[in-house]
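Visitor: Provided below are the primary sequence and the corresponding predicted coordinates.
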Amino acid sequence: MERIFKSIERVLAVLAGIALFIMMILTFVDVVGRYGFNKSIFGTSEMIEVLMVVVIFAGVAFVTASDKHIKVDIFAPVIERYAPNLQRWIVHIFSLVIYAGLTYELGRHMLESLHSGKRTAVLDFPQWVMPGAAVLFSLTGVLLFGAAILATRGRLERLDHTALDDNHGPEL
């Protein structure tokens with residue numbers, strides 16, 4: 001099961017990276033074409049919007065599921081001294097609830113867009129595609145994060161599926 005989680009996390013990270021790379025190339029080619037040859041790529045802004053959804057939501061799903069996000073520890077040392085496990089559980093459960101709520105709202109927005117039948121202005125994409133992709137990535141992230149919380153049970157030190165890993169990532 002752990003290998004499946006790691007594989008899904010890796011796919012999310014690779015998708016976000018590929019989308020970011022395509023955005024970079026598309027923007028570069030569009031700017032060179034616009035200013036160098038007075039000819040830009042048709043629909044660049046809408047293509048970048050779709051790629052941005054992939055970058056953001058696949059990236060957030062990967063980062064949340066693997067617990068690799070940046071953490072700001074202001075009160076954590078004090079709280080950890082008195083209730084270390086309680087603090088970790090509260091933070092992770094709170095994060096999961098907020099993430100699930102965001103996913104729910106994205107799903108509502110996707111269904112409204114689907115039922116409206118609206119399409120984008122330039123490339124004529126159905127408008128539900130972007131929130132639909134966001135829901136897909138967010139739901140994957142919620143499921144991975146929830147499964148990681150359940151898998152750790154009492155040892156909630158790290159959720160990236162390696163209890164022996166002492167590297168907690170970048171902390172401020």
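Guide: Structure's in. What do you need? Residues are numbered from 1 along each chain as shown.
Visitor: measure stretch 116-134 end to end?
Guide: By Cα to Cα, to the nearest Å, the extent of stretch 116-134 from end to end equals 18 Å.
Visitor: what's in contact with that stretch?
Guide: 42-43, 45-47, 49-50, 53-54, 56-57, 106-107, 109-111, 113-114 (Cβ atoms under 8 Å, 6 or more residues apart in numbering). To be clear about C-beta, it is placed using only N, CA and C from the backbone, and glycine gets the same treatment.
Visitor: give the buried subset of those residues as a PyMOL selection command.
Guide: If you want just the buried ones from the contacts of stretch 116-134 in PyMOL, going by 16 or more other Cβ atoms under 10 Å, the selection is:
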select buried, resi 43+46+47+50+53+54+56+57+106+107+109+110+113
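Visitor: from the contacts of stretch 116-134, which land in helices?
Guide: The helices in this structure, assigned by DSSP state H, contain 45-47, 49-50, 53-54, 56-57, 106-107, 109-111, 113-114 from the contacts of stretch 116-134.
Visitor: tell me the one among the residues you listed nearest to A148.
Guide: Within those, the smallest distance to A148 is 18.0 Å, found for F57 (Cβ to Cβ).
Visitor: correct me if wrong: that closest one contacts S138.
Guide: Yes. With contact defined as Cβ atoms under 8 Å, F57 and S138 form a contacting pair (5.7 Å).
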